[in-house]
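Asker: Just need the structure, nothing else, for what follows:
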Amino acid sequence: MDIIMYTDGASRGNPGPGGYGVVLMSGPYRREISEGFKQTTNNRMELLAVIVGLEALKKDGMDVTIYSDSQYVVNSVEKGWVWSWVKSGFKGKKNADLWKRFLIVYQKHKVKFIWIKGHNETPENERCDRLAVAAALNTDELHVDHGFLVQQQLEKSGMVSE
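Answerer: Predicted coordinates for the structure are as follows:
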């Protein structure tokens, strides 16, 4: 059975409190996932939404179409940039922790990305946006994005530049 996934990430400031939202659909089934973090970036949340959505799938080898308004995520995969980052060991790349996590789950499925314009009244994309923003604003439930904290330290030391 084919899987349709919509994802979105948000941050209130960049960096700032952030969250992601995912809508998974397959036939009559629908699942929504969201989570918020105390300090993160929009790009981290966009990528984490995709990762969590793929990790939520119960079987390997699924045909998955992911709709995202993140050119960062979509272009990194569809234009093959991530494979050159793999070859360089992600040297100097931001979000290497998430890209490595993404590649593990990405390779378990047949994934196709479709970029969609954000805030264009696509119902599931709008729903993901609402989930992501609500998660970012839910100060009682915000988690620590440990990868972001490590990345900040690397940036201060000059080891990550982009």
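Asker: SS state for the residue nearest to the spatial centre of the chain?
Answerer: Nearest to the mean C-alpha position of the chain, counting by C-alpha atoms, centre = their mean, stands Leu47 at 2.0 Å. Per DSSP: H, G, I helix; E, B strand; the rest coil, the secondary structure class of Leu47 is helix.
Asker: wait, it sits on Gly9?
Answerer: Yes. Assessed by C-beta atoms under 8 Å, Leu47 is found in contact with Gly9 at 7.3 Å. For the C-beta atoms, the positions are set from N, CA and C on the backbone; glycine is no exception.
Asker: buried stuff in stretch 138-155?
Answerer: Leu142, Asp145, Gly147, Phe148, Gln151 (16 or more other C-beta atoms under 10 Å).
Asker: Mind listing residues that contact that stretch?
Answerer: Where contact means C-beta atoms under 8 Å, 6 or more residues apart in numbering, the residues beyond stretch 138-155 that reach it are 15, 17-19, 35-41, 44, 94-95, 97-98, 135-136, 160-161.
Asker: Okay, now the unreliable bits of the chain?
Answerer: Applying pLDDT under 70 to the predicted model, the residue ranges of the chain that meet it are 160-162.
Asker: where do the strands sit along it?
Answerer: 3-11, 16-26, 29-40, 63-68, 110-115, 142-143 (DSSP state E).
Asker: quick one: the first one to strand 63-68, angle?
Answerer: So the one you mean is strand 3-11. Angular relation of strand 3-11 and strand 63-68 on a 0 to 180 degree scale: 30 degrees, by axes from the mean of the first three to the mean of the last three C-alpha atoms, to 10 degrees.
Asker: can you give me how far strand 3-11 is from the chain middle?
Answerer: A distance of 7 Å separates the C-alpha centroid of strand 3-11 from that of its chain, computed with C-alpha atoms, centre = their mean, to the nearest Å.
Asker: Tell me which strands that strand pairs with, and in which orientation.
Answerer: strand 16-26 (antiparallel), strand 63-68 (parallel) (DSSP bridges).
Asker: Direction-wise, compare it with strand 29-40 and give the angle.
Answerer: 20 degrees.
Asker: okay, the angle between strand 3-11 and strand 110-115?
Answerer: Using the same axes, to 10 degrees, strand 3-11 lies at 50 degrees relative to strand 110-115.
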